[in-house]
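**Q** Sequence first, then the predicted structure, then my questions.
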Protein chains: 2
Amino acid sequence: MNSKPKIVILGAGYAGMMTTKKLMKRLQPEEAEIVLINKHNYHYQTTWLHEVAAGTINHNQARIMIRDIINPNRVRLIYDAVVEVKREEQLVVLENSEIKYDYLVMALGFETNTFGIKGMDENAFFIQDIDSCQLIREHIEYQFAQYKNSEQKDDHSLTILVGGGGFTGVEFIGELAERVPQLCRKYDIDRNIPKIINVEASPSILPGFDEELVAYAKKSLQERGVELKQGTKIQSCTKEGFIVGEGHELIKAGTIVWTGGVTGNSVLGKSGFDLTKGKVTVNSDLRAPGEENIFVLGDCAWVMNEAENRPYPPTAQAAMQHATTCANNIRALLHHEPLQKFVFSDKGTVASLGVTDAMGTILDGTKLYGKPAAAMKKVVDNRYLFLLGGLHLFLKKGKVRPF
Amino acid sequence: MNSKPKIVILGAGYAGMMTTKKLMKRLQPEEAEIVLINKHNYHYQTTWLHEVAAGTINHNQARIMIRDIINPNRVRLIYDAVVEVKREEQLVVLENSEIKYDYLVMALGFETNTFGIKGMDENAFFIQDIDSCQLIREHIEYQFAQYKNSEQKDDHSLTILVGGGGFTGVEFIGELAERVPQLCRKYDIDRNIPKIINVEASPSILPGFDEELVAYAKKSLQERGVELKQGTKIQSCTKEGFIVGEGHELIKAGTIVWTGGVTGNSVLGKSGFDLTKGKVTVNSDLRAPGEENIFVLGDCAWVMNEAENRPYPPTAQAAMQHATTCANNIRALLHHEPLQKFVFSDKGTVASLGVTDAMGTILDGTKLYGKPAAAMKKVVDNRYLFLLGGLHLFLKKGKVRPF
């Protein structure tokens, strides 16, 4: 019998992978057994999914085999889907087995939220995971191949309609603005026929972002032929497209993608956690309220910015910082030491607008635009690969595209 | 006014391109005006279409810009579709204009023939041209992307069903046997799930081919997981698949491709030519019966093998030989010299079974199998590129894949 305390980490996204890495460093092998559970045998870059969906990067560049990063002799790896957590029994139920825990890290990531918009679940694609994004990429190209081969051509079939002008939506249309001209060349189709249309209910895309940066993004996207329908509410989604606005206008499209909302993984609800908009509002030590031994991280958690009395935005950057605090706090629990509070350190945010364009802020709030911003975005992406897997991983999966 | 006789060539396939090339060599610029009319601004390798459809070569490798081969200062190039030929008026009607001729070369190629099999036109893809083959390639990959992303997986959606076990059908399934494992790796799908099924009504695939060669082909294909349903008649085709045999069994598939028959271009019928199974049975000088100035070449023509009292098989090899005779005979007409008879010189036939396998006969009837045959197939392909566009074209579009 193994009497070491067992730490079970659910999910190998940014939060789960980094927690596992940090625990491997902070704990001696004899101090605890570490178990990482994930649906697939690979970790993927959630922040690169929009590029997979647009087809501007290969899906294999966006995923990393977990075994290449986490030594399976040190950490037990289980590839299975989580069904629910039975907290009274300290038990995780998986599709094919179950496992007890002493300490639990819930880092199961996001699920797409359509806010009950009628027809959206049935008719729109989601930028959700590697599989869903490969399907978007193939669907888009299939529209071009069908158009080229059809005698009665429906120009709307080449329209790509993106619901939601937040970070993911904007980054996705930025990539589409690169990809669509490539597809036009491949299929000998006039670039003026395929349309890229973004629909956002707020008065502007990227609500909450700096105005100057947003203005820059709009100009960049519009100059490359993207149509922005801001202040436009989606009433419903049909097979044909979105019904929008007070006039219930139909915007027809061959490809419909919803990027307008995410929420925490539904396992949280099934496991009986108290939820606020689908996520657990965690204590400042990142534990779920009332739980001694359960941490909730990343897109499953609301972490409060106490100074401003609102949660920090759920980003990959934040998820990785959660991981550090969580690993420190699990070590503290094992050593009967006091737990630390999570403090977010904002390194800035850069939104990609395509291969050679981007915009955002860094560290001290300095604004960056264009190629320097695009270069910085790649620095951010590559820095993560260094943190996760060192030079080897950077060289293997890094973004060293010329710009 | 231009008083030079005008030679109009319809179609830039093997026969049309080579006729144009030969006429450029055999005639002085002042002797005649040469006009080449083609639907697209590119020529494509009909014999490579099965590779485009399977996705084993890029469609751009299989097509060649006509301007790169034919000097537009010497030959007038018109990119338009032919509607009909009005023989009394010596006039070709195009979709967007019309043009008079003194000498006409009809080299408009083949159209797919479904022999009236119910539902085939509506539900099957055809290996017809670049556009239709790009659509097949994209359709197949889209099935894999959808399968991977769907919760209730229908294994039949990954089945590729090919009607017709002739040359094109066999070469196509040979390429699929290469492509499907690649797609399985790309989408993490078990290789045992996707099926490749060929249905042929004759007792064996490749009817008329040497028995030893056919036996070799069958073994090669079956060892790579292809299912051959020989002696199996297709009763009808539905959205779901083929209904076959006396028992009207349904073979379900996500991709249905018909390769079982071709006929001459339908412009022949619209122009009032006498047809035998959709083609013109030409005189031995390759002119249409009763016509002084109209030649019919390639897949639009039946050219009789008088020794055996049956037509030669309609191949790319034959089409290119037609071109030589036709160009010689047009020159003879201009010079009031006697016309020559077409004599087919059989250089052998090699059928590809994938990237590294093939089988066939060469020159003296020597049988070739496996890698030597695959190498010879590439020699044949590359020889044509030399003939058409010299070393430059070979280097640009040649098949120099390692084998």
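**A** Happy to help now that I have it.

**Q** centroid residue for chain A?
**A** A:T46 (3.7 Å; C-alpha atoms, centre = their mean).

**Q** quick one: contacts for that one?
**A** Counting by C-beta atoms under 8 Å, 6 or more residues apart in numbering or on different chains, A:T46 makes contact with A:13-14, A:109-110, A:316. No exception for glycine: its C-beta is placed from N, CA and C like everyone else's.

**Q** can you do 10 Å?
**A** Applying C-beta atoms under 10 Å, 6 or more residues apart in numbering or on different chains, we find A:T46 in contact with A:13-14, A:62, A:109-110, A:127-130, A:168, A:298-299, A:315-316, A:319.

**Q** Show me the two of the residues you listed that sit farthest apart.
**A** Based on C-beta to C-beta, the longest span within these runs between A:I130 and A:T315 and measures 19.7 Å.

**Q** Comparing these two, which residue is more hemmed in?
**A** Neighbours were counted for A:I130 and for A:T315 using other C-beta atoms under 10 Å in any protein chain shown; A:I130 has more, 24 against 19.

**Q** what does the average pLDDT come to for stretch A:92-112?
**A** Mean pLDDT, stretch A:92-112: 97.

**Q** neighbours around A:R185, how many?
**A** A:R185 has 11 neighbours, counted by other C-beta under 10 Å.

**Q** Filter the contacts of A:T46 down to just the ones in strands.
**A** Those of the contacts of A:T46 mapping onto strands are A:F110, per DSSP state E.

**Q** Who wins on neighbours among the contacts of A:T46?
**A** A:G298 (32 neighbours).

**Q** in the longest helix anywhere in chain A, what's buried?
**A** With secondary structure taken from DSSP state H, chain A has its longest helix at helix A:370-397. Neighbour-count burial for helix A:370-397 flags A:373-374, A:376-378, A:380-382, A:384-385, A:387-389, A:393-394, A:397 (criterion: 16 or more other C-beta atoms under 10 Å in any protein chain shown).

**Q** and that helix with chain B, contact?
**A** No - applying C-beta under 10 Å from any C-beta of the partner chain, one finds helix A:370-397 out of contact with chain B, separated by at least 16.7 Å.

**Q** Also stretch A:116-129?
**A** Yes - using C-beta under 10 Å from any C-beta, stretch A:116-129 reaches chain B at A:125-126, A:128-129.

**Q** Format those as CSV; extra columns: distance to B:L353.
**A** Below are these laid out as CSV (distance: C-beta to C-beta, whole Å):
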residue, distance to B:L353
A:F125, 38
A:F126, 41
A:Q128, 40
A:D129, 38
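
**Q** Closest to B:D121 out of these?
**A** Distances from B:D121 to the residues of stretch A:116-129 next to chain B, taken as C-beta to C-beta, are shortest for A:F125 (30.8 Å).

**Q** Surely that closest one touches A:H139?
**A** Yes - using C-beta atoms under 10 Å, A:F125 is in contact with A:H139, at 6.7 Å.

**Q** shared neighbours of those two, which are they?
**A** Joint contacts of A:F125 and A:H139 (C-beta under 10 Å, 6+ apart) are A:53, A:255-257, B:149.

**Q** among those residues, who's most crowded?
**A** That'd be A:A53 among the shared contacts of A:F125 and A:H139, by other C-beta under 10 Å, with 32 neighbours.

**Q** pLDDT wise, what is that one at?
**A** Taking A:A53 on its own, its pLDDT is 96.

**Q** packing partners for the helix or strand harbouring it?
**A** In this structure, A:A53 sits in helix A:49-54 according to DSSP states H and E. Packing contacts for helix A:49-54, counted by 3 or more C-beta pairs under 10 Å, 6 or more residues apart in numbering or on different chains; DSSP states H and E, involve strand A:125-126, helix A:130-149, strand A:160-163, helix A:167-186, strand A:255-258.

**Q** partners of the helix or strand that it is followed by in the sheet?
**A** Next helix or strand after helix A:49-54 toward the C-terminus (DSSP H and E): strand A:63-65. Strand pairing for strand A:63-65, using DSSP bridges, gives strand A:42-44 (antiparallel).

**Q** what separates the partner strand from the chain centre, distance-wise?
**A** Centroid separation between strand A:42-44 and its chain, computed with C-alpha atoms, centre = their mean, to the nearest Å, is 12 Å.

**Q** could you give the mean pLDDT of that strand?
**A** In this model, strand A:42-44 carries a mean pLDDT of 95.

**Q** who's in contact with that strand?
**A** By C-beta under 10 Å, 6+ apart, strand A:42-44 touches A:11-14, A:16-17, A:20, A:36, A:52, A:59-60, A:62-70, A:79, A:129-130, A:133, A:388-389, B:188.

**Q** Centre of the chain to the longest helix of chain A, how far?
**A** The answer for helix A:370-397 is 17 Å, by C-alpha atoms, centre = their mean.

**Q** Show me what from the stretch 1-150 of chain A comes close to chain B.
**A** Contact residues (C-beta under 10 Å from any C-beta) of the stretch 1-150 of chain A with chain B: A:40-42, A:58-60, A:125-126, A:128-139, A:141-150.

**Q** try 8 Å this time
**A** By C-beta under 8 Å from any C-beta of the partner chain, the residues of the stretch 1-150 of chain A that approach chain B are A:131-132, A:134-135, A:137-139, A:141-142, A:144-146, A:148-149.

**Q** avg pLDDT for stretch A:249-265?
**A** 97.

**Q** Go through the helices and strands packed on helix A:49-54 and name the closest to B:M120.
**A** helix A:130-149 (16.6 Å).

**Q** buried ones in the closest one?
**A** Those would be A:130-149, for helix A:130-149 by 16+ other C-beta under 10 Å.

**Q** Apart from its chain neighbours, what residue comes closest to A:C326?
**A** Spatial nearest neighbour of A:C326, excluding adjacent residues (C-beta to C-beta, 6 or more residues apart in numbering or on different chains): A:F295 at 4.8 Å.

**Q** tally of neighbours for that neighbour?
**A** 31.

**Q** host element of it?
**A** strand A:294-296.

**Q** Check A:Q235 too.
**A** strand A:234-237.

**Q** What is the distance between the following helix or strand past that strand and the centre of its chain?
**A** Following strand A:234-237 in sequence order, the next helix or strand is strand A:241-244 (DSSP H and E). Distance of strand A:241-244 from its chain centroid, counting by C-alpha atoms, centre = their mean, is 25 Å.

**Q** For the residues of stretch A:116-129 next to chain B, could you give me JSON lines that also reports pLDDT?
**A** Shown next, in JSON lines, are the residues of stretch A:116-129 next to chain B (pLDDT from 0 to 100):
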{"residue": "A:F125", "pLDDT": "98"}
{"residue": "A:F126", "pLDDT": "97"}
{"residue": "A:Q128", "pLDDT": "95"}
{"residue": "A:D129", "pLDDT": "95"}
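
**Q** Show me what residue of the stretch 251-400 of chain A gets nearest to chain B.
**A** Going by C-beta to the nearest C-beta, chain B is nearest to A:T255 of the stretch 251-400 of chain A, at 12.0 Å.

**Q** Excluding chain neighbours, give the residue nearest to that residue in space.
**A** Take A:T255 and drop its neighbours on the chain: the residue closest to it by C-beta to C-beta, 6+ apart is A:I160, 4.5 Å away.
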